[in-house]
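S.K.: Sequence first, then the predicted structure, then my questions.
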Amino acid sequence: MFKKLIFLLFTAMNLFMNAQVSVDNSIHQFKVADIYGNIFDFSELKGKKVMIVNTASKCGLTYQYEALQSLYIDYKDLNFIIVGFPSNDFLWQEPGNNEEIIEFCEENYGVTFPMMSKIVVKGSKKHPVYQFLTQKSKNKYKDSRVTWNFQKYLINKQGIIEKIISPRTRPDSQEIVSWITDGQ
């Protein structure tokens, strides 16, 4: 009886520890402020494929907003979502405040995918979401660094990073579209 109790205790502890690990390396652990100041809870994205992208309004890659919006419209019904994080970390290419950023995005590109409040994506003041995205010790995937505006992180339905895509790769590239549609 005692051996059975010990076995059950170790089994329960093992299940708890494994569950804790899966939460710790999932994007679903985060709550952030969206561009309107509301709470955006990543746990509500369970079961969806997610692209996280850092954005800027005055960048040579700003044209990617158009492809991001088209991709979002085309695939949102397949449990896919894009989450944009404006950042001013590369040559001051996102100088505006949240109101100016959303006005620019809506007027010029018709952006309807979720945009978060402006954050820092590199350096010592890096936002916790980007600490998670760039540090293997937190994401259990790999270390990376955000090299420029419009770098894309592809996250599976369980909230785990699967791919890191170069800023220069278009959001509607075959690599990204195949990732979105794989398993649909």
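M.R.: That came in fine, so what should we check first? Fair warning: this is a prediction, and the values are worked out from it, not measured in the lab. Numbering: from 1, shown residues only.
S.K.: Tell me how far the spatially most central residue of the chain lies from residue 107.
M.R.: By CA atoms, centre = their mean, the mean C-alpha position of the chain lies nearest to residue 52, the distance being 2.9 Å. Counting by CB to CB, to the nearest Å, the gap from residue 52 to residue 107 is 23 Å. C-beta coordinates here come from the backbone N, C-alpha and C atoms, glycine included.
S.K.: likewise residue 39?
M.R.: With CB to CB as the criterion, residue 39 and residue 107 are 26 Å apart.
S.K.: With residue 180 instead?
M.R.: Residue 180 is 27 Å from residue 107, by CB to CB.
S.K.: cool, residue 165 as well?
M.R.: Look at residue 165 and residue 107: by CB to CB, they are 27 Å apart.
S.K.: Could you pull up the residues touching the nearest residue to the residue nearest to the centre of the chain once chain neighbours are set aside?
M.R.: Excluding the flanking residues, the one nearest residue 52 by CB to CB, 6 or more residues apart in numbering is residue 153, at 4.4 Å. For residue 153, the contacting residues are 51, 52, 53, 133, 161, 163, 164, 165, by CB atoms under 8 Å, 6 or more residues apart in numbering.
S.K.: Tell me where the model's unsure across the protein.
M.R.: 1-24, 184 (pLDDT under 70).
S.K.: related to what we said a few turns ago, so which of residue 165 and residue 107 has more stuff around it?
M.R.: The residue with more neighbours, out of residue 165 and residue 107, is residue 165; 19 against 9, by other CB atoms under 10 Å.
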